[in-house]
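Trainee: what would the 3D arrangement of this be:
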Amino acid sequence: MSQGGRAEGMARLRRVIAEIEAEAGPAIERPVQRLPLARAFDSALSGGLADDALHEIAPARPADGAAAMGFALALAARFLSRRQASALVIGEAFAAEESGALYGPGIVAHGLPLSRLVFVRAPDAALAFWAMEEALKCGAPAAVVGEIWNLKGYSLAASRRLLLAARKGKVPALLILASAYGQAERLSSAAETRFEIAAAPSAKTPAAAGPDLPGPFACGARLIKARLARAGPQTPFQAFDMGSVIRLEWRSQDLTFKDTTFEDMGVDDPAISLPLAAASGDRPRAAARPR
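Mentor: Model (predicted):
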């Protein structure tokens with residue numbers, strides 16, 4: 001592409017983003033509420049996951065799609081515990097055909113009450129993005145989970161629309177990029193965070209008779225992107241290594257992640273607290289520097 005073509009493309013992109021931001025209206029000045037995730041991640045997340053932002057989740061390999069969905073549903077369960085509202089699970093039809101439908105009893109065992117979940121099946125990715133945006137803007141759900149397979153229409157402008165919708169409605173958006181395995185480091189979007197998730201062996205649960213049963217859901221998580229990332233005094237790391245794979249074990253009984261990485265390091269890691277907290281150092285949206 002010529003220099004003139006690149007400049008024209010950038011100017012067009014700036015116009016699109018400006019139109020999206022004008023439609024969203026002025027930012028509301030308020031402290032960001034954050035939900036702690038795990039000890040190894042929280043310093044890089046300024047205290048946890050923002051409750052009004054776009055969070056992307058990508059499988060590490062083609063076989064890790066179920067682990068990515070399990071991680072997203074665990075986050076949704078934690079956000080559900082903070083609000084008396086339902087969560088929306090919006091899926092592109094092809095993603096369900098490729099990965100299979102969710103199993104009701106498994107969802108319940110994962111810590112999610114079926115009575116507080118609304119499932120939406122969109123015929124294509126464009127309508128799935130539209131459904132997510134509308135649900136986020138209205139502010140009614142406790143969380144919006146989206147699973148998208150066809151990412152051709154997922155651009156910087158599209159992700160910006162989802163981010164601004166999440167901020168307007170004060171609802172977290174958890175977007176599973178189902179076909180983006182192996183591409184988590186190359187994606188460009190407006191998301192506040194991006195995780196790469198891989199399946200991990202679960203601990204075994206002794207059975208009364210016969211072979212041991214599978215234990216709690218576990219996964220390997222890598223934090224690829226974190227806006228306003230910084231290290232904090234609550235972890236033994238001097239600085240967070242974005243390339244580190246952290247093994248997380250889900251405790252559905254109390255809706256917390258157990259960070260087994262610290263156990264391997266010989267550091268006691270008590271279960272993380274559940275409540276949302278205003279992270280110290282968070283700035284009002286309007287006061288933040290444009291990025």
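
Trainee: mind showing which ranges of this protein have poor pLDDT?
Mentor: Residues of the chain meeting the criterion pLDDT under 70: 1-31, 228-243, 261-291.

Trainee: tell me where it has strands.
Mentor: Listed in chain order, the strands of the chain (DSSP state E) span 33-35, 49-50, 54-59, 87-92, 117-122, 143-148, 173-177, 193-199, 204-205, 213-214, 218-226, 246-251, 256-259, 277-278.

Trainee: wait, which of these is closest to Ser159?
Mentor: strand 54-59 (6.3 Å; C-beta to C-beta). No exception for glycine: its C-beta is placed from N, CA and C like everyone else's.

Trainee: what is that closest one packed up against?
Mentor: Packing partners of strand 54-59 (3 or more C-beta pairs under 8 Å, 6 or more residues apart in numbering; DSSP states H and E): helix 65-80, helix 156-169, strand 173-177, strand 193-199.

Trainee: picking that back up, kindly reformat the strands of the chain as CSV containing distance to Glu134 and mean neighbour count.
Mentor: Shown next, in CSV, are the strands of the chain (distance: least, C-beta to C-beta, whole Å; neighbours: other C-beta atoms under 10 Å):
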stretch, distance to Glu134, mean neighbour count
strand 33-35, 22, 21
strand 49-50, 20, 25
strand 54-59, 15, 26
strand 87-92, 10, 25
strand 117-122, 10, 16
strand 143-148, 10, 28
strand 173-177, 12, 27
strand 193-199, 23, 23
strand 204-205, 41, 10
strand 213-214, 38, 11
strand 218-226, 25, 22
strand 246-251, 30, 20
strand 256-259, 30, 24
strand 277-278, 28, 13
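
Trainee: now these in a markdown table, with distance to Gln183?
Mentor: Output for those, formatted as a markdown table (distance: least, C-beta to C-beta, whole Å):
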| stretch | distance to Gln183 |
| --- | --- |
| strand 33-35 | 26 |
| strand 49-50 | 22 |
| strand 54-59 | 7 |
| strand 87-92 | 17 |
| strand 117-122 | 22 |
| strand 143-148 | 13 |
| strand 173-177 | 8 |
| strand 193-199 | 9 |
| strand 204-205 | 33 |
| strand 213-214 | 29 |
| strand 218-226 | 10 |
| strand 246-251 | 20 |
| strand 256-259 | 25 |
| strand 277-278 | 33 |
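
Trainee: how far away is the residue nearest to Leu213 when sequence neighbours are not counted from Pro216?
Mentor: Spatial nearest neighbour of Leu213, excluding adjacent residues (C-beta to C-beta, 6 or more residues apart in numbering): Thr205 at 4.4 Å. Plainly put, Thr205 is 8 Å away from Pro216 if you go by C-beta to C-beta, to the nearest Å.
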